[in-house]
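J.: sequence first, then the predicted structure:
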Amino acid sequence: MRVLLSTYGSRGDVEPLAALAARLRELGAQVRICVSPDEVFAELLGRVDVEVVTVGKPKVALSEPSQESQAAQRAAELAAQYDTVVAAAEGCDVLLATGLAHFSSRSAAEKLGIPYVYATFSPLILRTHHQPPPLLLPGQTHPPGVTDNRALWDLHAQTLTSLYGEALNNHRASVGLPPVENAYDFAFTRRPWLASDPVLGPWPETPDLDVVHTGAWIQPDERLLADDLLAFLDAGTPPVFVGFGSTQEVAADAAKVSIGAIRAHGRRAIVGRGWAELARIDDGADCFVVGEANLQVLFGRVAAVMHHGGAGTTTIAAQAGAPQVVVPQAVDNPYWAARVADLGIGAAHDGPTPTTESLTAALATALSPRTLARARAVAGSMHTDGAEVGAKLLLETAAGGAVGR
């Protein structure tokens, strides 16, 4: 069985595919992955020994659309990745896409007549009357007076089609494919897969979509922590980790206010450099900066994790039983912040721009004995077989030959 996994996004879109690829290989499948040419992704995927096909520009160099004209340009750029994806999919039995790979990947699967699956790692983007849709552009608001979630989702689909539909259909016409009327249904399909932990990111029963909930795709990380990091951990009480993952734009003083809040609680700090290039603010011996590291092990040794609220970071911290402070930056970050607060496993910061005072208060909640006990209890209830479930379902989908709908 030959499988193509296709993504275009941040590390949070790529790392789960590495876990899925590893399980697929264990089941005897041949796996190829389309991904942007970012160096960190090549290193990450090298650990699972799969064939990598680079597509598009480095994701780290791209900014998100802030207006309609930029959104249309982005749609054209994403659709233009079709040639690379369709070539990579030749001879494959199934294609699964995540992130922003939907436009090129679904068209490629349709052209080749192979089964197609779209998977997401956050319930936020999936249509349900239980929640309103996410906003598409910075500064956008929901129409005043419209409070019914189904009506809001209808408007969301119309807006998505107005932003992306023309560019998408122009490309589809150029490769001999028919136009699509609804860009939302085309991008996310009527039967999307949700790869989130059922405890941390549940999906409510709803007639709106036929969602396949597999559980989170987490690849066990067996790398050792660096000797200097281990020495820092062993030199005192458990520190607090702060990092913003693949988020590039954070408050200019994010490191300063975060370390200040950590010090206000008499704790040491581990700063994750990330795409925002966080750094130490002085020469204090109570602060250690890390680049690439095994977070699954590291989070098991810290007092709390302060982060942006990415699906992967939130899940790994929850699995480690580490209390969290989520400072949501964009997209699905507010959803995960709310889940952390609702579950009692940490605190959700109000907005993306923290102060030393606001983080000190949030950290007080995270460092309380009650939060620690709750975080450990939730960790014990989380699922660990999501990638295996997803891999088996994907091979069944390939064998069944049902094209994504």
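T.: Perfect, thanks for sending it.
J.: from now on I want contacts and neighbour counts done on CA atoms only, so please keep to that.
T.: Noted.
J.: show me where the stretch 1-150 of the chain has helices.
T.: Listed in chain order, the helices of the stretch 1-150 of the chain (DSSP state H, counting those that start in this stretch) span 11-26, 39-46, 68-79, 82-89, 102-112, 149-174.
J.: how about low-confidence regions in the stretch 301-405 of the chain?
T.: 401-405 (pLDDT under 70).
J.: which stretches of it form helices?
T.: Going by DSSP H, counting those that start in this stretch, the stretch 301-405 of the chain shows helices at 311-319, 333-343, 356-366, 369-381, 386-400.
J.: give me the buried positions along the last one.
T.: In this case it means helix 386-400. In terms of neighbour count (16 or more other Cα atoms under 10 Å), helix 386-400 has its buried residues at Gly386, Ala387, Glu388, Val389, Gly390, Ala391, Leu394, Leu395, Thr397, Ala398.
J.: tell me which other helices or strands that helix touches.
T.: Applying 3 or more Cα pairs under 8 Å, 6 or more residues apart in numbering; DSSP states H and E, one finds that helix 386-400 contacts helix 11-26, strand 94-99.
J.: show me what the first one is packed up against.
T.: With contacts defined as 3+ Cα pairs under 8 Å, 6+ apart, the packing partners of helix 11-26 are strand 2-8, strand 30-35, helix 39-46, helix 311-319, helix 386-400.
J.: report the central residue of the protein.
T.: For the chain, the residue nearest the mean C-alpha position is Gly12 (3.5 Å; Cα atoms, centre = their mean).
J.: from Ala71, how far off is it?
T.: 22 Å (Cα to Cα, to the nearest Å).
J.: ok, now Pro37?
T.: Shown here: Pro37 relative to Ala71, a distance of 22 Å by Cα to Cα.
J.: so which of the helices of the stretch 301-405 of the chain is the most packed in?
T.: Greatest average neighbour count among these goes to helix 311-319 (a mean of 23), per mean count of other Cα atoms under 10 Å.
J.: identify the residues contacting it?
T.: Here helix 311-319 makes contact (Cα atoms under 8 Å, 6 or more residues apart in numbering) with 12, 16, 121-122, 196-197, 200, 216, 245, 295-296, 299-300, 305, 307, 323-324, 332-333, 336, 345, 375, 378-380, 382.
J.: now do stretch 286-299
T.: 220-226, 229, 232, 241, 267-274, 279-280, 305, 316-317, 320, 322.
J.: mark which of these are part of helices, please.
T.: Counting by DSSP state H, the contacts of stretch 286-299 place Leu229, Phe232, Ile316, Ala317 in helices.
J.: contacts only, for the second one.
T.: Contacts for Phe232 (Cα under 8 Å, 6+ apart) come out as Phe288.
J.: next, count neighbours for Ser174.
T.: For Ser174, the neighbour count with other Cα atoms under 10 Å is 9.
J.: point out where the stretch 101-250 of the chain drops to low pLDDT.
T.: Across the stretch 101-250 of the chain, the ranges flagged by pLDDT under 70 are 137-138, 246, 248.
J.: quick check: closest non-adjacent residue to Thr84.
T.: The spatially closest residue to Thr84, leaving aside those adjacent along the chain, is Val55, at 6.5 Å (Cα to Cα, 6 or more residues apart in numbering).
J.: contact partners for Gln324?
T.: Ala304, Val305, Met306, His307, Ala317, Val340, Ile345, Gly346, Ala347, Ala366.
J.: the third one reaches Val240, doesn't it?
T.: Yes. Using Cα atoms under 8 Å, Met306 makes contact with Val240 at a distance of 7.3 Å.
J.: and Met1, how far from Leu24?
T.: Per Cα to Cα, Met1 is found 9 Å from Leu24.
J.: compare the two (neighbour count), which wins?
T.: Set side by side, Met1 and Leu24 show unequal neighbour counts under other Cα under 10 Å, the larger going to Leu24 at 23 against 16.
J.: let me see the contact set for that one.
T.: So Leu24 contacts Gln30, Val31, Glu388, Ala391, Lys392 (Cα under 8 Å, 6+ apart).
J.: I'd like to know how far Ala338 sits from Ala42.
T.: Ala338 is 32 Å from Ala42, by Cα to Cα.
J.: please read the previous query as pertaining to Arg376.
T.: The value you get for Arg376 to Ala42, if Cα to Cα is used, is 33 Å.
J.: could you list the domains of this protein?
T.: Under the assignment automatic domain parsing, the domains of the chain span 2-218+385-400, 227-381.
J.: distance between the ends of the last one?
T.: Put plainly, it is domain 227-381. Length of domain 227-381, first residue to last, Cα to Cα: 32 Å.
J.: mind checking how far it is from the chain centre?
T.: 17 Å (Cα atoms, centre = their mean, to the nearest Å).
J.: then the first one?
T.: On the basis of Cα atoms, centre = their mean, domain 2-218+385-400 is displaced by 11 Å from the centre of the chain it belongs to.
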